[in-house]
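**Student:** no letters, just coordinates:
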């Protein structure tokens, strides 16, 4: 391994520099996709850190965060590209070393009668307030008694400096009244890599 890909540890020994990779994954839903990716990551000395994966309609989609030795990035990326032969597209992005700092987040839980435009209107309010969406999960399901279509959303949003949770709460609750949905908000503080 080239010396430029090593750095001294606490004892002065040279240790490999790791790269942080974000992968987006998409392909027809079939068994073995996760195993194929995990095997390649492991074969290149990588560590699977976190992921979000789901079957959406007939497609398997996901995002994966892995850490691998810097000198294995190119080879792993090439091997992942070969998964296209089995219908799986994997796009790899290398993440820069990001500073870790506390983040104020707000969890939003929303449920109401399904209708077009709910995501657009909620995301419009968040964008106007300068919030960024860390996670968003939505689904449509049948109401237990009536069988009507319900829209359910769960989101984690990052609050920028100077914006209070109370301001976001007021804006979202005003919108919830117009949309005729129930909404619950919970403020959290945690540590994440800064974007």
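**Tutor:** Structure received. Since this is a predicted model, take the numbers as computed values, not measurements. Residues are numbered from 1 along each chain as shown.
**Student:** from here on, contacts and neighbour counts on C-alpha atoms
**Tutor:** Noted.
**Student:** check which helix or strand covers the residue nearest the centre of the chain.
**Tutor:** When Cα atoms, centre = their mean is applied to the chain, the residue found nearest the centroid is residue 135 (5.5 Å). Element membership for residue 135, per DSSP states H and E: strand 132-142.
**Student:** same deal with residue 177?
**Tutor:** Assessed by DSSP H and E, residue 177 sits inside helix 165-179.
**Student:** so where's this protein shaky on pLDDT?
**Tutor:** The chain contains residues with pLDDT under 70 at 1-16, 97-102, 190-195.
**Student:** just to revisit the earlier point, surely the residue nearest to the centre of the chain meets residue 155?
**Tutor:** Yes. Contact criterion Cα atoms under 8 Å: residue 135 and residue 155 qualify, at 5.4 Å.
**Student:** residue 155 bridge partners, please.
**Tutor:** Residue 155 has these beta-bridge partners by DSSP bridges: residue 108, residue 136.
**Student:** ok, it - contacts?
**Tutor:** Counting by Cα atoms under 8 Å, 6 or more residues apart in numbering, residue 155 makes contact with 107-109, 133-137.
**Student:** try residue 22
**Tutor:** By Cα under 8 Å, 6+ apart, the neighbours of residue 22 are 63-66, 92-95.
**Student:** kind regards, and thank you for your time.
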